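[1] What follows is a protein structure lacking sequence information:
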């Protein structure tokens, strides 16, 4: 492996660590802001998507899942994106923890840079925070 590839992997790792740290700071701020819990996206359940309203949760715990895949399947066809909850094993198992708030961080496969802002915004409906990778890395 050449030095350039090592630098690229190190930068990618640092970018992911930075994104996770930012998410942790956001979660802490949300936890401290108890007056706005009913409007926080943290109350939404995975798979609620499509503009679902946040639900109140009896839980005061948040599970942050960091995985290589997202719990949402995305497809671009006919110049339009469609989103649906994935049926993967980890997603299915964690859905059984119905009263636990979850935030999901994972790889969004390769998404053209022009679509990334839209995808990132749309995935917030699912409490999902995508990590975008370049085509050569995916």
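    Perfect, I can see it now. All values derive from a computational prediction rather than experimental measurement. Numbers count the residues shown, from 1 in each chain.
[2] switch to C-alpha atoms for all contacts and neighbour counts from now on
    OK.
[3] Lowest average confidence across helices and strands of the protein, where is it?
    helix 3-32 (a mean of 74; mean pLDDT, DSSP states H and E).
[4] Which is the succeeding secondary structure element to that one?
    strand 62-67 (DSSP states H and E).
[5] And the next helix or strand past that next one?
    For strand 62-67, the following helix or strand on the C-terminal side (DSSP H and E) is strand 72-77.
[6] and the next helix or strand after that next one, how far from the chain's centre?
    As assigned by DSSP H and E, the chain's next helix or strand after strand 72-77 is strand 80-85. In this view, strand 80-85 has its centroid 14 Å away from the chain centroid, taken as Cα atoms, centre = their mean, to the nearest Å.
[7] and the very next helix or strand once past strand 80-85, which residues are buried?
    Following strand 80-85 in sequence order, the next helix or strand is helix 89-95 (DSSP H and E). For helix 89-95, burial by neighbour count (16 or more other Cα atoms under 10 Å) applies to residue 91.
[8] Strand 62-67 and the helix or strand following helix 89-95, what's the angle between them?
    With elements assigned by DSSP H and E, the helix or strand that comes after helix 89-95 is strand 101-110. Our comparison of strand 101-110 with strand 62-67, counting by axes from the mean of the first three to the mean of the last three Cα atoms, to 10 degrees, yields an angle of 20 degrees.
[9] quick one: low-confidence ranges for the chain?
    Along the chain, the model assigns pLDDT under 70 to residues 1-9, 30-59, 138.
[10] rerun at 80
    Applying pLDDT under 80 to the chain flags the ranges 1-12, 24-61, 87-89, 91-92, 94-100, 137-138.
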